[in-house]
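S.K.: coordinates for the following, if possible.
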Amino acid sequence: MGNILASLYTANTGLGAAGTAIGVIGNNIANVNTTGFKASRAHFEDLISQFIVGTSGTNQVGKGVSLARVESLFTQGAMQNTGVPTDMAISGDGFFIVKGTQGGVTQNYFTRAGSFRFDDQGNLVNQSGFRVQGYGADPTGNLTATLGDIQVTRRSLDPLATSNMTIHANLRPSDPVVPAPGFQIANADTTSSFKTSMVVFDSLGTSHQVDVYGTHVSTAPDVWDMNMAIDGGDIAGGVAGTPVVTNLGQLTFDGQGRLQNATTPNPVAVPWTGGANAGALNFNWGDPIAAGGTGRGGSTQWNTVAESAASFLTQDGYGTGNLETISVNSAGLITGGFTNGKTLTLGQVAMARFDDPTGLNSVGGNRYIETPDSGQANIGVAQTGGRGSIAGGTLEQSNVEISDQFIDLLAYQKAYQANVKTITTADSLLQEVFQLIR
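M.R.: Residues are numbered from 1 along each chain as shown. Purely as a prediction, here's the structure:
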């Protein structure tokens, strides 16, 4: 009779374990659409057995089952492209770090849910208002070394006056030689055979068009006079509609068409109008042999084109720009695109990695805290130290597989029903025993 009574308690442990497992499955199914959610599974272990006779392992009867552990499965969830630039997903190992207050405790929390946004203070936060942790950037885009809130308050980009201009061109040796007095702006078409234009900026961010002319003035060696023309309305003391011409020195080429020398008096002073600081333009024509170059890495003089023309133009200035776009790359770098065409690093998202992520303690809200079982957070940036990469404009979906959950649910249901049957069977046997004393 004692063993029949014991079977009631044994079956009861089975009911408890199966019921808990059904609860785990129910939680998984409930979070099938939760961003970054990680499914759990129940682990069971048998209870210490009793010996019927002696101490032989062949004479043991089990005492039932207990729940050993509910384990979170940190397998990769599917990636969904959202098009929202502040959405982020981790591909591989690691967690985002968010800081906030929960239950009166302010600390770092860890999450795989990357549905972030900027709040009214410019802080990058999750949907619960917890601040995303990472590395900020100074006004020039250099990242700081201290972990903290990622805050973007820079909504505009200050103008930068042009100081360096690069012009690479191929000037044809067969272009006609222009006799003295050489280039005349009033007859630019007949006194020059090369022209290119660039837009440059003054210290106030105002744009100005600069026209550069090349005049072939001699052969053997081939020499070209270079001149710059700017509308007088842009020059202090000038007259609008009347170009102001500044000589840019000469380009000399050898018999192989290589740039032998460039004599531009860098920097070239430009007295901008409108209250801007005077400009100081440095011209780069290539790598002249006289300066230790090859003579082929910039401007050349070869009869390989139909006309003398520029092959490469660039300058380093820009006007004022407003923040227009945000993008995040695989290393978690947040880059801002401005209306003036420039980009600037605004910050970098940090990531944490744990020796045993299954040891983390879930505190709700898609957040975890570290425990002695998980080990301390190893904090760094994406794609370093075994951490995964970050996909911008993307969210990681729940890793719950509905089909697997339904199969497990059926198995636990059957287990629960079977344990109920054990109890009813034991109860029936006890009834037979009670019949003996009637």
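S.K.: could you pull out the strands for the stretch 151-300 of the chain?
M.R.: Secondary structure of the stretch 151-300 of the chain (DSSP state E, counting those that start in this stretch): strands at 156-157, 164-170, 194-201, 207-218, 222-231, 243-253, 259-262, 268-270, 279-284.
S.K.: just send those strands back as a markdown table, with mean neighbour count too.
M.R.: To be clear about C-beta, it is placed using only N, CA and C from the backbone, and glycine gets the same treatment. Listed next are these as a markdown table, based on neighbours: other Cβ atoms under 10 Å:
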| stretch | mean neighbour count |
| --- | --- |
| strand 156-157 | 16 |
| strand 164-170 | 20 |
| strand 194-201 | 18 |
| strand 207-218 | 19 |
| strand 222-231 | 21 |
| strand 243-253 | 19 |
| strand 259-262 | 22 |
| strand 268-270 | 17 |
| strand 279-284 | 18 |
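S.K.: nearest to Ile407, of the ones you listed?
M.R.: Nearest to Ile407 among these is strand 156-157 (56.3 Å), distances taken as Cβ to Cβ.
S.K.: what's that closest one packed up against?
M.R.: Here strand 156-157 touches strand 321-328, going by 3 or more Cβ pairs under 8 Å, 6 or more residues apart in numbering; DSSP states H and E.
S.K.: the strand it packs on pairs with which strands?
M.R.: Applying DSSP bridges, strand 321-328 is found paired with strand 156-157 (antiparallel), strand 333-338 (antiparallel).
S.K.: distance between stretch 180-188 and the chain's centre?
M.R.: Chain-centre distance of stretch 180-188: 53 Å, with Cα atoms, centre = their mean, to the nearest Å.
S.K.: please identify the helix or strand for Ile22.
M.R.: Per DSSP states H and E, Ile22 falls inside helix 2-30.
S.K.: so how far is that helix off the chain centroid?
M.R.: Distance of helix 2-30 from its chain centroid, counting by Cα atoms, centre = their mean, is 47 Å.
S.K.: show the average pLDDT along that helix.
M.R.: For helix 2-30, mean pLDDT rounds to 86.
S.K.: what residues sit buried inside it?
M.R.: 6-7, 10-11, 13-18, 20-22, 24-25, 28 (16 or more other Cβ atoms under 10 Å).
S.K.: the following helix or strand past that helix pairs with which strands, parallel or anti?
M.R.: Downstream of helix 2-30, the next assigned helix or strand under DSSP H and E is strand 40-46. Strand 40-46 has the following sheet partners, assigned by DSSP bridges: strand 65-72 (antiparallel).
S.K.: average pLDDT across the helix or strand following the partner strand?
M.R.: Using DSSP H and E, the helix or strand that follows strand 65-72 in sequence is strand 79-81. Averaged over strand 79-81, pLDDT sits at 96.
S.K.: same question, stretch 256-276
M.R.: Regarding stretch 256-276, the rounded mean pLDDT is 96.
S.K.: straight-line length of it, end to end?
M.R.: Using Cα to Cα, to the nearest Å, the gap from the first to the last residue of stretch 256-276 comes to 43 Å.
S.K.: so Val433 is in which element?
M.R.: Applying DSSP H and E, one finds Val433 within helix 402-435.
S.K.: roughly how far apart are Val210 and Gly319?
M.R.: Using Cβ to Cβ, to the nearest Å, one gets 15 Å for the distance from Val210 to Gly319.
S.K.: low-confidence stretches in this protein?
M.R.: Low-confidence segments of the chain (pLDDT under 70): 1-3, 49-60, 437-438.
S.K.: domains of it?
M.R.: 2-75+399-435, 81-155+323-396, 164-315 (automatic domain parsing).
S.K.: what's the burial count for Gln383?
M.R.: 17 (other Cβ atoms under 10 Å).
S.K.: ugh, wrong one, I meant Tyr109
M.R.: Going by other Cβ under 10 Å, the residues that sit close to Tyr109 add up to 24.
S.K.: other residues contacting the host helix or strand of it?
M.R.: If you go by DSSP H and E, Tyr109 is part of strand 105-111. If you take Cβ atoms under 8 Å, 6 or more residues apart in numbering as the criterion, strand 105-111 is touched by 36, 95-100, 102, 126, 130, 133, 352, 354, 360, 363, 366-370, 377.
S.K.: now, of the residues you listed, which are buried?
M.R.: Taking 16+ other Cβ under 10 Å as the criterion, what is buried in the contacts of strand 105-111 is 36, 95-100, 126, 130, 133, 352, 354, 360, 366-370, 377.
S.K.: give me the nearest residue to Glu401, chain neighbours excluded.
M.R.: Ala39 (7.6 Å; Cβ to Cβ, 6 or more residues apart in numbering).
S.K.: so the one you found makes contact with Gln397?
M.R.: No. Ala39 lies out of contact with Gln397 (Cβ atoms under 8 Å); the separation is 11.6 Å.
S.K.: okay, these two: which has more neighbours?
M.R.: Legend: neighbour count by other Cβ under 10 Å for Ala39 and Gln397, higher for Ala39 (23 against 18).
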